[in-house]
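# Following is a predicted model, sequence given first.
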Amino acid sequence: MRLQRSIIALLIILFVTTRLWWLARFGLYGDEIFSLRLAAGSWSDLFANVIRDAVHPPLFYVLLKLWITVGGESVYWVKLFPVCASIASLAPFYLLCRESKLEPKVSRLALGLMAVNMYMVVYAQDLRMYSLLLFASTCSCWLFVKMMNETESKLGTDLLLFVANLILVYTHYYGWLLAGAQALALVILQRHKLKRFVVSSLALVLCFSPWIYLAFRASIEKGGLGANLSWNPKPGIGDFFWFYLNLNGPISYRWEDYGVFYKVSLGVYALLTLLFFYAIARFLTRLIRDRKERNRDAMIALAVMAFLPSVLALTASYALPQSIWGMRYLIISSVAYFLILSMSVFDLQPRRIRTLTVSSLIAWAALSGWTELVNREKFAVEPLVKQMIEAESDEKQHVRIYTDDGIVGTTLQFYLDRQSEKRFEIIYVRSFEEIDDSQFWAAFVKYRFDNKRLAQEVLAERGFQISDGCTAATHGHKFFLFPVQR
């Protein structure tokens, strides 16, 4: 028992450490800045802007505003908010494992996988609603399994599940997909409890209807949500599986610098992926057939919550005018999947196959987690802005910065504001070929899979002189900020 507690303590320390590691190293970028600006404004501006945006419910922004009211707007402090929400999910995770009557070794394995998984760590540090989604969805899964295990109706459990799901849907619309998965699980397993859940769901719809009204009216006023969602392509079956591959422990182009090891890893990864998915398929097949399995309903419910939301999101993306697919929002299914994966590998027979598979899963998760986490797709923009300010330290009163990327412009403006710099003006262009100026700075990001020509090449062909500027690079992308003159 003491050994088990020591292992759990070490896994929790690992879970917390990976989420605090490099927390403020890259600063804020893109949508994270949008979150902070909304929360930093007045309460009236916050609600007006969230309603106008219409894409996300307001709970995350409200809680973030309360957070910065307490501790300010430093990068470390604001990014500590999603990290704390992620760490807080450990409590309902423990209760879910206990309610599901899982063996301690299954719970420990799932916790270890969550601790080192790149997908989980990156979104735990992102100043968006993903960690709050993780916390609310884990609470929802726990309380739903608890409701299923009860032989008699208990108002307290129903009320807590309603509150958890209310927090969930007010955090993101994807919360409704988890609620839908729970409804289907009851239809399959315990129809006699469906009436209770339907009543709770109707109350959920009623409480969410004010936001639906406001968001729908705002979307009509701005001509629909096409502008918000048009960037999002229709997903394919590969996108569906890529979500679960990320939870297993991905291998990506970040590994390419490892040469032969990368090529060998691809083969190993393919074999391990087949092995892990085989274990899951075998476990679920046995579970469906064996009606005498201990706590069978809870396990099947976890499987439904692990897979159905992604199926619904994939289907809805083709049924609706715009795709709603977002792998980051499927974090609502992550905990259930880690538990299903852990149960599946421990269920393998014979023992030597089980031992080999469990050992391979642990080793691969650790290797993948480390490799992905030390090769982030992030760069720090603030040092570049400071270098640009130093380079323009003369008496020049007006400096123009041209960019063809709204996220780049937003990020630059954020750090200029933090330096109280009023001399710089961000100007957006569709193409650098449109620029007709004599002296300015240019800013753009070259993404790994972007085939567009470098801005330096375009400007040089038009007779501009390109000077050395500031750059920041990741394994996949490169941020350029450089002065130009004719």
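That came through fine. Residues are numbered from 1 along each chain as shown.

# Before we move on, what's the pLDDT of the residue nearest the centre of the chain?
In the chain, the residue lying closest to the centroid (C-alpha atoms, centre = their mean) is Arg328, at 3.4 Å. Per-residue pLDDT puts Arg328 at 96.

# residues contacting it?
Residues near Arg328 by C-beta atoms under 8 Å, 6 or more residues apart in numbering: 123, 128, 130. All C-beta atoms are positioned from the backbone trio N, CA, C, and that covers glycine.

# any idea how far the second one is from Glu32?
Put plainly, it is Arg128. 7 Å (C-beta to C-beta, to the nearest Å).

# For this protein, which element, helix or strand, carries the lowest mean pLDDT?
Ranked by mean pLDDT, DSSP states H and E, the helix or strand of the chain with the weakest confidence is helix 226-229, at a mean of 68.

# Spatially nearest residue to Val55, not counting backbone neighbours?
Asn228 (4.9 Å; C-beta to C-beta, 6 or more residues apart in numbering).

# Tell me how many other residues crowd that neighbour.
15 (other C-beta atoms under 10 Å).

# just Arg448 next, same as before
11.

# can you check Ser86 too?
Neighbours around Ser86, by other C-beta under 10 Å: 24.

# helix or strand for it, which one?
Taking DSSP states H and E as the definition, one finds Ser86 inside helix 75-88.

# Name the residues of that helix that are buried.
75, 78-83, 85-88 (16 or more other C-beta atoms under 10 Å).

# can you check stretch 190-201 too?
So for stretch 190-201, counting by 16+ other C-beta under 10 Å, buried means 190, 196-197, 200-201.

# With stretch 462-482 instead?
Buried-residue list, stretch 462-482, by 16+ other C-beta under 10 Å: 464, 466, 469-470, 472, 476-477, 479-482.

# thinking again about what came up before, restricting the selection to alpha carbons, write the helix or strand following the helix holding Ser86 to CSV.
Downstream of helix 75-88, the first helix or strand assigned by DSSP H and E is helix 90-99. Presented in CSV, the C-alpha positions along helix 90-99 are these (Å, rounded to 0.1, in the frame of the first residue of the first chain):
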residue,chain,number,x,y,z
LEU,A,90,-7.1,15.2,-10.8
ALA,A,91,-9.7,15.2,-8.1
PRO,A,92,-12.7,14.1,-10.3
PHE,A,93,-10.3,11.8,-12.1
TYR,A,94,-9.6,10.0,-8.8
LEU,A,95,-13.3,9.9,-8.0
LEU,A,96,-14.1,8.6,-11.5
CYS,A,97,-11.6,5.7,-11.1
ARG,A,98,-13.0,4.8,-7.7
GLU,A,99,-16.6,5.0,-8.9
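
# State the mean pLDDT of helix 90-99.
What helix 90-99 shows for mean pLDDT is 98.

# what about that helix, distance to the chain center?
Here helix 90-99 shows a centroid-to-chain-centroid distance of 21 Å under the convention C-alpha atoms, centre = their mean, to the nearest Å.

# who does that helix touch, helix- and strand-wise?
Packing partners of helix 90-99 (3 or more C-beta pairs under 8 Å, 6 or more residues apart in numbering; DSSP states H and E): helix 104-116, helix 130-149, helix 334-346.

# now that helix against helix 130-149, angle please.
If you take axes from the mean of the first three to the mean of the last three C-alpha atoms, to 10 degrees, helix 90-99 sits at 20 degrees to helix 130-149.

# In helix 90-99, which residues are buried?
Within helix 90-99, judged by 16+ other C-beta under 10 Å, the buried ones are 90, 92-97, 99.

# What count of nearby residues applies to the closest residue to Val304 other than its chain neighbours?
Of all residues not flanking Val304 in the chain, Ala185 sits nearest, at 4.4 Å (C-beta to C-beta, 6+ apart). Ala185: 24 surrounding residues under other C-beta under 10 Å.

# what's the spacing between the closest residue to Trp43 other than its chain neighbours and Tyr123?
The shortest distance from Trp43 to any non-neighbouring residue, by C-beta to C-beta, 6+ apart, is to Lys65 (7.4 Å). Separation of Lys65 from Tyr123 (C-beta to C-beta): 21 Å.

# Alright, I will stop here.
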